[in-house]
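make a model of this:
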Amino acid sequence: MRQGMTTGADDYLTKPFAPQELRDAVNAQLSKLVRAEAAQAQIVDRAVTQALAEQQEKIARLYEKRMAKELSEQWPDSGHAEINERFGSATVLYADMRDYTQWTQRLSSNELSEVITRFYSSVGDTVHLFGAKHMQFVGDGMLCVFVDSSDTQSVNHALRAVKAALGLQEGCKRLDSFVQQKYSDRNLPAFRLNTALHSGAVTFTKLDGLFASASQSTPVGEAVSTALKFFHGAQPPDWAIAASVQTNILLNHAARIGRRAMVNVPGRQGAVDAVEILGVHA
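Next up, the predicted model:
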């Protein structure tokens with residue numbers, strides 16, 4: 001018996017044995033084989049699923065990089081552009097969805113479009129309420145520019161941009177409650193935004209024939225490009241609202257500040273000194 005087991009046998013019977021004992025021994029080995037094959041299949045399935053997920057994530061990252069590149073090219077530093085207005089000091093707000101890849105995987109394109117449209121249509125009034133000079137949609141994100149004007153001098157553009165960003169966060173909470181209820185079976189992540197604020201010079205130019213369309217006025221400058229790409233670096237901060245130190249200086253202690261970090265922004269020389277915005281003082 002020992003010699004048989006050590007040379008690879010899975011079981012043994014001693015004579016004399018009943019037919020039922022033989023059947024039971026064979027069935028036990030067959031069951032063991034089925035379980036082993038099922039376990040192996042699970043391992044293979046997990047490996048394939050993980051490989052597909054990694055491939056999908058890689059493709060999503062490549063797609064986002066390509067989109068970021070194309071967006072950057074839409075705000076060129078040179079080319080055929082007519083300068084309409086130039087502001088030496090302005091605050092740029094750019095907000096886009098977190099976990100966008102997960103949303104695209106769990107909702108159809110029409111469902112996701114409905115969610116994005118519902119959100120930005122509901123918060124557009126908030127942005128205008130705080131006196132945004134310019135607002136446009138960039139993919140799943142929203143780009144806003146705040147400047148000082150004769151009817152907003154009592155509250156500078158940086159503070160109005162921060163209040164608009166906080167309003168967007170409140171809008172996120174309302175929409176998340178609606179979405180989680182409507183799509184309760186989709187295991188969706190919480191609806192959240194990455195919101196970046198950066199202050200500096202902004203020029204509005206009229207670009208002719210962008211995407212074969214009629215000319216349109218578009219904000220350009222370092223403040224715009226930095227805000228657009230702020231959360232696209234290798235290690236973006238896990239903050240809902242981030243403001244550059246240039247914006248924070250203009251706030252003049254009006255905002256409640258959380259963490260602080262140096263953030264590497266793609267395509268920008270030198271890291272951005274940034275702070276987390278938690279709220280504003282009453």
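
which strands and helices sit next to the lengthiest helix in the chain?
Longest helix in the chain by number of residues (criterion: DSSP state H): helix 19-74. Applying 3 or more CB pairs under 8 Å, 6 or more residues apart in numbering; DSSP states H and E, one finds that helix 19-74 contacts helix 100-106, helix 222-229. For glycine as for every other residue, the C-beta is placed from the backbone atoms N, C-alpha and C.

select from those the stretch with the lowest mean pLDDT.
Among the helices and strands packed on helix 19-74, helix 100-106 has the lowest mean pLDDT, at a mean of 87.

in that helix, what counts as buried?
100, 101, 103, 104, 106 (16 or more other CB atoms under 10 Å).

and stretch 118-125, by the same measure?
In stretch 118-125, the ones that count as buried by 16+ other CB under 10 Å are 119, 120, 123, 124.

how about the second one, secondary structure?
Following DSSP: H, G, I helix; E, B strand; the rest coil, the label given to residue 120 is helix.

how about the contacts made by it?
137, 142 (CB atoms under 8 Å, 6 or more residues apart in numbering).

swap in the third one?
In this structure, residue 123 makes contact with 167, 168, 171, judged by CB under 8 Å, 6+ apart.

of these, which belong to helices?
167, 168, 171.

from the residues you listed, list just the buried residues.
For the ones in helices among the contacts of residue 123, buried by 16+ other CB under 10 Å: 167, 168, 171.

mind putting the residues you listed into TSV with distance to residue 241 and pLDDT?
Below are these laid out as TSV (distance: CB to CB, whole Å; pLDDT from 0 to 100):
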residue	distance to residue 241	pLDDT
167	11	91
168	9	90
171	13	87
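
need the residues you listed in TSV (columns: distance to residue 29).
Below are these laid out as TSV (distance: CB to CB, whole Å):
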residue	distance to residue 29
167	68
168	64
171	63
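
ok, of those residues, which one's closest to residue 268?
Top of the list for closeness to residue 268, among those and by CB to CB, is residue 168 at 23.8 Å.

give the contact list for the closest one.
Counted by CB under 8 Å, 6+ apart, residue 168 has contacts 95, 123, 126, 127, 193, 195.

return the set of buried residues in the helix or strand containing residue 159.
Assigned by DSSP states H and E, residue 159 falls within helix 157-182. Of the residues in helix 157-182, 157-169, 171-172, 175-176, 179 count as buried by neighbour count, 16+ other CB under 10 Å.

next: stretch 252-272.
Quick answer for stretch 252-272 (16+ other CB under 10 Å): 255, 261, 263, 265, 266, 272.

with stretch 124-137 instead?
By neighbour count with 16+ other CB under 10 Å, stretch 124-137 contains the buried residues 124, 126, 127, 130, 131, 132, 133, 134, 135.

quick check: residue 162 vs residue 146, distance?
Counting by CB to CB, to the nearest Å, the gap between residue 162 and residue 146 amounts to 9 Å.

kindly list the longest strand within this protein.
If you go by DSSP state E, the chain has its longest strand at strand 81-97.

which secondary structure elements does it contact?
Helices and strands touching strand 81-97, by 3+ CB pairs under 8 Å, 6+ apart, are strand 141-146, helix 157-182, strand 193-207, strand 216-220, helix 222-229, helix 245-251.

which of these sits closest to residue 54?
When the helices and strands packed on strand 81-97 are ranked by distance to residue 54, counting by CB to CB, first place goes to strand 193-207 at 23.0 Å.

list the strands paired with the closest one, with their directions.
strand 81-97 (antiparallel), strand 216-220 (antiparallel), strand 241-244 (parallel) (DSSP bridges).
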